[in-house]
Each structure stands twice: as C-alpha cells, then as structure tokens.
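Enquirer: okay, predicted coordinates and the sequence, questions at the end:
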Amino acid sequence: MSWALAIHGGAGIIRHARSSLQKRILSESLDAGAAVLQAQGTAVDAAAAAVAALEDSGVFNAGRGAVCNAEGVHELDASVMDGATLAAGAVAGVRRVRNPVLAAVRVMRETHHVLLIGTGAEGFCRKNRIDFVSEGYFVRKLKTRHGTVGAVALDAQGNLAAATSTGGTGAKLPGRVGDSPIIGAGTYADNATCAVSATGVGEAFLRSAFAHDVSARMRYLGETLPRAAAAALRRVAAIGGDGGAVAIDARGRIAMPFNSPGMARAALSPHGRRRIEL
Ligand code: ASP
C-alpha cells in the first residue's frame, strides 16, 4: 500500500456515552477515504470524501451536526488544499450547504479564488449544483463545543492533501470565522513537507498560523513531522489555546498530536495498520 490517510473528529472532552458511535463513524469515514485512494483517486478527493462522511454523520460539529451561533443560526466553514499545486479552496459562513467541504473543493477547482463567504459562497454553490438542505436537516441537540472534522491523505501518486470542516465554536458571534477555512491556520498541504488539518480553539490556531507553521518548521528547520507538529502545537498552547491536529508527510508518516483532554482520531498507515482512538 503506497497511500495513507488520517482523520479527526475534533479535540475536546470525549463523552464516554458516545464513544462507540464516534468510533464507528470514524471507521466509516476512513473507509470512504480509503475507497478513493485504493481506486487510484487523488489525495484531494480522498480527504474530501472522508470529511463529507463525517459531515453527513450528524455526530460531529460539522455538516449535519454543526453547532449554532449565538443567534441559533448555523454558519459552516470548510477548506481544502492540494499539496501538489498549493491550490486551495474554502467557504465560510454558509448556512444551508449540505457538505461545505465539497463546496470548498469546487471553489478550488472552478474559480481563481481561494475563499468565498456567506451569500456569495452560497450563490456560487447554487450555480454549481452543490446540495442544499433545509433548517430541519441539522441535528439540534449537539452541544459540544469541539468536534470539527478533518482529513489528511497521501495518494498512490505521492501527492498530499488536507481538508477541514466545522460549525465553528458553539454560541459564537454571528460572522465569526475560526481557523478551519483559513489556509495556513486550520488547513495546509505541500508535497514538499506535509498536509495538516487542525482542531481546537480557532483563534489561537489563527494567531499562530498553525498548519503553515508545521510545514515551515519542516521546510526551514528540517524537522521531522512529529517534531514540527508538536512544536507548532506548543506555540498554540503558549497563547492559551488547546486542540490538536492530524498530519501526514510524503512518506506516509502520520502525527496526531493534541493538548486537549481528548481528540477523536483515526488513521490508516501505508502498512495497512488501522488505528481509531478518542
Ligand atoms: N477550530 C474550530 C473553530 O475554531 C473549532 C474546533 O476545532 O472545535 O472554528
């Protein structure tokens, strides 16, 4: 196997009562991404498929399970990046898009922009026949603050990609945007270094340019992926942020560091080893 995949379902306190459900959904998400990679699909499509499965589950804070802002409205954010070309796409503050990660892929592939927000993003999605949902689609009871989802992938051609999707932080101010749709903060991918998808207190990940920091440490300091990811997370912690990330390098080495009480995470290594942990 020359490909690999790692996913997360958010950093935070993992409730025991939901742990077997979370593990099952993580496993299904891994399967969705692995199916793409096995069929010689791209890392971008694999990461997006894995994230879309998590969005559809209603179990994590993304897609169907997204939390509401302070006014009871869903505002969803997502991003994707292709490590082969440094192409990237993202949407922020979309309210009715079923799979924000697929909208992000479309922004990357169909426009020369990186980030579309709010009504403009939704207009683009409508024109591109992205699925919309009604308010009743969302799972209302999800109160956990964490639970952003993300994926990183290495495909059989040696390309890396990362994708992240979130409902943001619960009871956030309307219009607030965290790290998840911001390239370099919540998501980054560069074949020369690594692919990274983060989760946690978005403001701290934004302020430390976390995902790019992991890549930059590998590029400029020659650090290994685990070292670079741990060091970048220490900078987040130093400004009071907790959270974590999944990351992968061009050899398929995977790092899944976190400084929060838990992080739902899973990986398929190039050796076929499958891990699912909370
Ligand atoms: N990073 C996300 C945000 O700030 C939240 C999370 O990962 O739980 O929007």
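Expert: Cool, the structure landed.
Enquirer: would you mind finding the longest helix in the chain?
Expert: helix 19-38 (DSSP state H).
Enquirer: which residues does the closest residue to residue 258 other than its chain neighbours contact?
Expert: Nearest residue to residue 258 in three dimensions, chain neighbours excluded: residue 244, at 2.6 Å (Cβ to Cβ, 6 or more residues apart in numbering). C-beta here means a position set from N, CA and C on the backbone, and glycine is covered the same way. Contacts for residue 244 (Cβ atoms under 8 Å, 6 or more residues apart in numbering) come out as 8, 11, 198-200, 233, 256-260, 263, 265.
Enquirer: repeat that for 7 Å
Expert: Contacts for residue 244 (Cβ atoms under 7 Å, 6 or more residues apart in numbering) come out as 11, 199, 200, 233, 256, 257, 258, 259, 260, 263.
Enquirer: now, which of these sits nearest the ligand?
Expert: Nearest to the ligand out of those is residue 199 (Cβ to the nearest ligand atom; 3.5 Å).
Enquirer: just confirm the closest one is within a strand.
Expert: Yes. Assessed by DSSP: H, G, I helix; E, B strand; the rest coil, residue 199 belongs to a strand.
Enquirer: so it makes contact with residue 10?
Expert: Yes. Taking Cβ atoms under 7 Å as the definition, residue 199 is a contact partner of residue 10 at 4.8 Å.
Enquirer: the residue of the stretch 101-250 of the chain found nearest the ligand: how many residues sit nearby?
Expert: Residue nearest to the ligand within the stretch 101-250 of the chain (Cβ to the nearest ligand atom): residue 202, separated by 2.1 Å. For residue 202, the count of nearby residues is 27 (other Cβ atoms under 10 Å).
Enquirer: equivalent analysis for residue 87, please.
Expert: Around residue 87 sit 16 other residues, with neighbours defined as other Cβ under 10 Å.
Enquirer: who's it bridged to?
Expert: Per DSSP bridges, the residues bridged to residue 87 are residue 82.
Enquirer: I'd like the distance between it and residue 158.
Expert: 16 Å (Cβ to Cβ, to the nearest Å).
Enquirer: try residue 267
Expert: Separation of residue 267 from residue 158 (Cβ to Cβ): 18 Å.
Enquirer: so the nearest residue to residue 172 once chain neighbours are set aside: helix, strand or coil?
Expert: Once flanking residues are discounted, residue 172 sits nearest to residue 69: 5.0 Å by Cβ to Cβ, 6+ apart. Under three-state DSSP, residue 69 falls in the coil class.
Enquirer: quick revisit: residue 267 and residue 158 - which one has more neighbours?
Expert: residue 267 (23 against 15).
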